[in-house]
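K.L.:
Everything below, folded, please.
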Amino acid sequence: MFLEFFIWGSWYVTMGTFLGINLQATGSQIGTAFSTQSFGAIIAPFIIGLIADRYFNAEKLLGGLHLLGGFFLFMAYQADSFTNFYPFIFIYMVLYMPTLALVNSVSFRQMTDPGTEFPSIRVWGTIGWIVSGLVISYVFFWDAADNMREGMLKNTFLMAAIASAALGIFSFTLPKTPPKARSDNKINIKDILGLDAISLLKDKNYAVFFISSILICIPLAFYYQNANPFLAEIGVSDPTGKMTIGQISEALFLLLLPYFFRKFGFKLTLIVGMIAWSVRYALFSLGDADQGLYLLIIGIALHGICYDFFFVSGQIYTDTKAGEKFQSAAQGMITLATYGLGMLIGFSIAGQITDVYLQADGLHDWQSIWQIPALIAILVVLFFSILFKNESINKKALNKPIEK
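P.N.:
Here you go, the predicted structure:
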C-alpha cells in the first residue's frame with residue numbers, strides 16, 4: 001500500500017510544473033496529460049471485470065501491471081517533448097488505475113474483519129504519498145527553483161519507475177488471491193461498468209448528489225493540475241513538500257468524518273466539503289510567497305475537508321442507498337462518473353482557463369484563474385443545497401472501511 005501511492009505521488013503532483021517549465025507544454029496540453037487518469041478510470045473496470053475477476057490471481061496481475069508500468073514511466077522520464085511524453089503517460093495510467101482496485105482486493109481477501117483491519121493498512125498509502133513529496137523537496141531538492149529550470153523534475157518519473165518495478169517484483173510474493181468468478185461465466189458489461197445501479201438515479205436526492213459529484217470534479221481538477229505549478233511560479237520554496245500538508249490533513253479528517261456525520265448529518269457535511277473548495281481557491285487568489293504564505297498553507301491544509309467531506313462521504317452515501325444488491329455496481333458507477341467523466345471535463349476546462357490567463361511575460365494571472373473554480377464550487381453548493389432534501393444515513397455504514 002505504501003509503494004502503491006508512493007509511486008503515484010512521486011510524479012503526479014509535480015507533472016504540471018515539469019511539463020510547463022521543461023517541455024514547454026501549454027495549459028491545454030497539461031490538462032490533456034492529467035486527463036489520462038480519467039481514461040484510466042474508464043478503462044480500469046474492463047481490466048478488472050474481464051481479466052482480474054476471471055482468469056488471473058490478483059497479486060500476479062498487480063505485479064505484471066506494475067512491471068509494465070515501470071517501463072513506461074522510464075520512457076516518460078526520457079521524453080524530450082510533450083509529443084513524445086504523452087503516449088507513455090497515457091499507456092501508464094491505463095495500466096496503473098486498475099492496480100488501485102487490485103491492491104484493495106488483495107488486502108480484503110486476507111482479512112477476517114476488514115472494517116477494523118483495513119484502515120490501518122490503507123493509511124500507509126497516504127503515508128507513501130506524503131513521503132514521496134518530502135523526498136522530492138527535502139532530500140533531492142528537485143523542485144528548488146534552479147533545479148526545476150535545469151530539468152531535475154524529470155527524475156520524479158525515474159524514482160516512480162524504480163518504485164513501480166520494486167512493487168511489481170514484491171507483488172509476486174503476496175498471498176495468493178485467485179479470481180472468484182469462473183472463466184466460463186457469461187460476461188456482463190452492465191455489471192462491469194456498474195450500470196445495474198443506474199436505477200438509483202430515479203431517486204431525486206441521489207440524482208442531485210450524482211450531478212453534484214460530477215460538477216465538483218471541475219474545481220478538483222484545477223487543484224491537481226495547477227496547485228504545484230502555481231506555487232512554483234510565484235516563488236514558494238519546496239512546493240511539493242508543502243503540498244504534503246494536504247495529505248496529512250486528509251488522514252486526520254478521515255478519522256473525524258464519522259463524528260461529523262453523526263453530529264451534523266450527511267447534507268451539511270457535503271455542503272461544508274464543497275464550500276471548502278471555494279474557500280481554498282479564494283485563499284489561493286489572495287496569498288503570495290511572502291506575507292501571504294500562510295493563506296496558501298491554510299488553503300493546502302483544507303484538502304482534508306475538501307476531499308473527505310465530499311468524495312469519501314459520497315462513497316458512504318452511495319453504499320447506503322444501493323443496499324447489498326447493488327453495492328459494488330453503485331461504487332463502480334460513481335467512480336466512473338467522477339474520476340472518469342467529471343475529471344475529464346474538469347481537466348479540459350482547467351487547461352483552457354490556464355491558457356486564457358497566460359500573460360505576455362510567460363507568467364499567469366493566478367488570481368483570476370483561482371476565482372473561476374471558486375465560483376464554480378459556490379454554484380454547485382447552491383444547486384445541491386436547494387435541490388437535495390436532508391435525509392438520515394445508515395449509521396452501520398460509518399463502521400465500514402473507507403476506500404480512496
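
K.L.:
quick one: low-confidence ranges for the stretch 301-404 of the chain?
P.N.:
Applying pLDDT under 70 to the stretch 301-404 of the chain flags the ranges 323-328, 392-404.

K.L.:
Do a quick rundown of the helices in it.
P.N.:
Secondary structure of the stretch 301-404 of the chain (DSSP state H, counting those that start in this stretch): helices at 303-307, 313-335, 343-356, 366-387.

K.L.:
try the stretch 1-150 of the chain
P.N.:
According to DSSP H, counting those that start in this stretch, the helices that the stretch 1-150 of the chain contains are 2-12, 15-22, 27-34, 36-47, 58-78, 82-109, 114-138, 145-149.

K.L.:
Figure out which of these is closest to F222.
P.N.:
With CB to CB as the measure, helix 27-34 is the member of the helices of the stretch 1-150 of the chain nearest F222 (9.9 Å). Every residue, glycine included, has its C-beta placed from N, CA and C.

K.L.:
average model confidence for that closest one?
P.N.:
If you average the pLDDT over helix 27-34, you get 97.

K.L.:
Domains of this protein: list them as residue ranges, please.
P.N.:
1-180, 193-399 (automatic domain parsing).

K.L.:
Of the helices of the stretch 1-150 of the chain, which shows the lowest average pLDDT?
P.N.:
Confidence, taken as mean pLDDT, is least for helix 36-47 of the helices of the stretch 1-150 of the chain (a mean of 86).

K.L.:
hang on, the earlier thing: for the helices of the stretch 301-404 of the chain, state which one has the densest average packing.
P.N.:
Ranked by mean neighbour count under mean count of other CB atoms under 10 Å, these are led by helix 303-307, which reaches a mean of 25.

K.L.:
Counting by contacts, list what it packs against.
P.N.:
Counting contacts by 3 or more CB pairs under 8 Å, 6 or more residues apart in numbering; DSSP states H and E, helix 303-307 packs against helix 204-233, helix 239-286.

K.L.:
before we move on, back to that, let me know which of the helices of the stretch 1-150 of the chain is the nearest to K202.
P.N.:
Ranking the helices of the stretch 1-150 of the chain by proximity to K202 (CB to CB) places helix 36-47 first, at 22.5 Å.

K.L.:
any idea how far that closest one is from the chain center?
P.N.:
13 Å (CA atoms, centre = their mean, to the nearest Å).

K.L.:
now swap in stretch 205-218 and tell me
P.N.:
Here stretch 205-218 is found 17 Å from its chain centre; the criterion is CA atoms, centre = their mean.

K.L.:
average pLDDT for it?
P.N.:
Stretch 205-218 shows a mean pLDDT of 95.

K.L.:
Contacts made by that stretch with the rest, please.
P.N.:
With contact meaning CB atoms under 8 Å, 6 or more residues apart in numbering, stretch 205-218 is reached by 200-201, 270, 274, 277, 310-311, 314, 317-318, 321, 334, 337-339, 341-343, 345-346, 349-350, 373, 376-377, 379-380, 383-384, 387-389, 391.

K.L.:
Now it - C-alpha only, CSV.
P.N.:
Coordinates of each C-alpha in stretch 205-218 appear next as CSV, following Å, rounded to 0.1, in the frame of the first residue of the first chain:
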residue,chain,number,x,y,z
ASN,A,205,-31.9,13.0,-3.9
TYR,A,206,-29.3,10.6,-5.3
ALA,A,207,-29.6,12.2,-8.8
VAL,A,208,-28.9,15.6,-7.3
PHE,A,209,-25.9,14.2,-5.5
PHE,A,210,-24.7,12.3,-8.6
ILE,A,211,-24.8,15.5,-10.7
SER,A,212,-23.1,17.5,-8.0
SER,A,213,-20.3,14.9,-7.8
ILE,A,214,-19.6,15.3,-11.5
LEU,A,215,-19.6,19.1,-11.3
ILE,A,216,-17.4,19.4,-8.2
CYS,A,217,-14.8,17.5,-10.0
ILE,A,218,-14.1,20.6,-12.1
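
K.L.:
Enumerate the positions of that stretch that are buried.
P.N.:
Residues of stretch 205-218 classed as buried under the neighbour-count rule (16 or more other CB atoms under 10 Å) are 205-206, 208-218.

K.L.:
between those residues, which is closest to Y96?
P.N.:
C217 (19.0 Å).

K.L.:
And stretch 167-177, how far out from the chain middle?
P.N.:
What separates the centre of stretch 167-177 from the centre of its chain is 24 Å, taken as CA atoms, centre = their mean.

K.L.:
residues making contact with that stretch?
P.N.:
3-4, 7, 57-60, 62-70, 105-106, 109-110.

K.L.:
10 Å - rerun?
P.N.:
Under the criterion CB atoms under 10 Å, 6 or more residues apart in numbering, residues 1-4, 6-7, 52, 56-71, 99, 102-103, 105-110 lie in contact with stretch 167-177.

K.L.:
So which bits of that stretch are buried?
P.N.:
Buried, per 16+ other CB under 10 Å, within stretch 167-177: 167-168, 171, 174, 177.
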